[in-house]
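Asker: Using only what follows, build the 3D model:
(one chain, ligands or ions: 1)
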Amino acid sequence: MDLVTPATPTRHLLDLSFDDLETLFSEWGEPRYRARQVAHWSLKRGAVSFEQMSDLPAPLRERLATEFTLAAPAVLATTTADDGSTVKALLDLGGGVAVETVRMDYDADAPHERERSTVCVSTQAGCAMGCVFCATGQQGFTRNLTPAEILAQVLHFTRSGRVTNVVFMGMGEPLANTAATIAAVRWLVHPDGLDMRARGITVSTVGLRAGIRRLAAERVQVGLTISLHAPNDELRRRLIPTAGGTSVDDLVEAAREYISANGRRVTFAYALLDGVNDSEEQARELAARLRGLQAHVNLIPYNPTAGAGLRRPSRERVRAFQRALQGEGINATVRVERGVEIAAACGQLRTDYARRELLTLV
Ligand code: SF4
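Answerer: Purely as a prediction, here's the structure:
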């Protein structure tokens, strides 16, 4: 007699929403509260198999296991920095695709800091936006991640400790994968999911206007960061080749709409590149574009990536840029750098890993 091994299901349970779970269980003739039980196990308790769900009847666990998987991605590499308060993990999503996720712990004793633990997630493998200063952008786009693959990055860290904040700032453009980004956010804030505060979640975009509109319309109430990196369209198109038809004014307008729809402040990210976009005159030009907007500018001194040919400005130039913005009444801070020694700029761990793998192959 031939032994037939049942195929392993490939559909991940967390690609379903909470409403989908309720519908599924009602179709299966199960009580409504099953959705809450399964959500608790999958998110709050970080279960990786239905076997672990000890308060579910065995036949239901078996049925779930024949249709869905809850498996967590294998960890390919982990690096730590900043005395262990920055941890970066490279997760294997199969088919040669790996994504990175970073946890940064902030100490309440540090000036201007609340005690928090922030996870930075990737939303795509690679990225099609092609920002000239970004390692991921130079590698090109592979594919969108699913909601379950985005959540897996947060769950990787919640299994070993508390996570208070999530920022969508890893590899990829979240608003080029808006449906999966919003689905992941809904599980992060759902009371039967990870039950996080929407205020603790930030979506960072290079400025896809349709995506910003959709995020506003969905009223998920998350913080929004728009990467500007330039005070005018001509320079911005050079730094972000795909910025194309979206002007700085379009983005300021999109920010205005987001603020009025969500009542949340919008942050503009500005990577400072030595001699490119970091003069005091450019700071004043930027201030003029943002005047009257309830906005905040986060200055990010560039973290050089191999081969990009761009430099980090001196501390003095960074301070002068910040002071010029503040002098024009614009609220501006300089990002506290984390994990510089483990290359925390997006895409860099993956590049290092790929390089090591190549080295072991030749
Ligand atoms: S900076 Fe962000 S949007 Fe730009 S290429 Fe890199 S990952 Fe993509």
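
Asker: isn't residue 137 right up against residue 171?
Answerer: No - if you go by C-beta atoms under 8 Å, residue 137 and residue 171 don't touch, sitting 9.4 Å apart. Just so you know, the C-beta spots here come from the backbone N, C-alpha and C atoms, and that holds for glycine as well.

Asker: More neighbours: which of the two?
Answerer: residue 171 (29 against 26; other C-beta atoms under 10 Å).

Asker: And for the helix or strand where residue 36 lies, what's in contact with it?
Answerer: Element membership for residue 36 (DSSP states H and E) is helix 33-39. Residues outside helix 33-39 that contact it (C-beta atoms under 8 Å, 6 or more residues apart in numbering): 13, 18, 21-22, 24-25, 53, 55-56, 60, 64, 190, 192-193.

Asker: Quick check: the two most widely separated of those residues?
Answerer: Taking C-beta to C-beta, the two most distant members of the contacts of helix 33-39 are 60 and 190; they sit 21.1 Å apart.

Asker: Assess the claim that residue 88 and residue 76 are in contact.
Answerer: No - the criterion here is C-beta under 8 Å, and residue 88 misses it with residue 76 at 11.3 Å.

Asker: Now stretch 209-229 - C-alpha only, PDB.
Answerer: Provided in PDB are the C-alpha atoms of stretch 209-229 (Å, rounded to 0.1, in the frame of the first residue of the first chain):
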ATOM      1  CA  ARG A 209      -0.200  60.000  -2.800                       C
ATOM      2  CA  ALA A 210      -2.900  57.400  -3.600                       C
ATOM      3  CA  GLY A 211      -1.600  55.200  -0.700                       C
ATOM      4  CA  ILE A 212      -1.600  58.200   1.700                       C
ATOM      5  CA  ARG A 213      -5.300  58.900   0.700                       C
ATOM      6  CA  ARG A 214      -6.200  55.300   1.300                       C
ATOM      7  CA  LEU A 215      -4.500  55.200   4.700                       C
ATOM      8  CA  ALA A 216      -6.400  58.300   5.700                       C
ATOM      9  CA  ALA A 217      -9.700  56.900   4.400                       C
ATOM     10  CA  GLU A 218      -9.200  53.700   6.400                       C
ATOM     11  CA  ARG A 219      -8.900  55.700   9.600                       C
ATOM     12  CA  VAL A 220      -6.400  53.400  11.100                       C
ATOM     13  CA  GLN A 221      -5.000  56.400  13.000                       C
ATOM     14  CA  VAL A 222      -1.400  55.600  12.600                       C
ATOM     15  CA  GLY A 223       1.400  58.100  12.500                       C
ATOM     16  CA  LEU A 224       2.600  59.000   9.000                       C
ATOM     17  CA  THR A 225       6.100  59.900   7.900                       C
ATOM     18  CA  ILE A 226       6.700  61.200   4.400                       C
ATOM     19  CA  SER A 227      10.300  61.100   3.100                       C
ATOM     20  CA  LEU A 228      11.000  64.400   1.400                       C
ATOM     21  CA  HIS A 229      14.800  64.500   1.300                       C
END
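
Asker: about what we covered before: looking at residue 88 and residue 76 now, which is surrounded by more residues?
Answerer: Legend: neighbour count by other C-beta under 10 Å for residue 88 and residue 76, higher for residue 88 (23 against 16).

Asker: Which strands border the strand or helix carrying that one, and is each parallel or antiparallel?
Answerer: Residue 88 is located in strand 86-94, with elements delineated by DSSP H and E. Using DSSP bridges, the strands paired with strand 86-94 are strand 74-81 (antiparallel), strand 97-106 (antiparallel).

Asker: where exactly do the helices run in the chain?
Answerer: In the chain, the helices defined using DSSP state H lie at 18-27, 33-39, 58-67, 135-139, 147-158, 178-189, 209-218, 233-239, 248-262, 280-290, 315-327, 348-361.

Asker: got a list of what whatever residue of the stretch 101-250 of the chain ends up closest to the ligand touches?
Answerer: Closest to the ligand within the stretch 101-250 of the chain is residue 137: 2.6 Å, counting by C-beta to the nearest ligand atom. Counting by C-beta under 8 Å, 6+ apart, residue 137 makes contact with 127, 129, 130, 131, 347.
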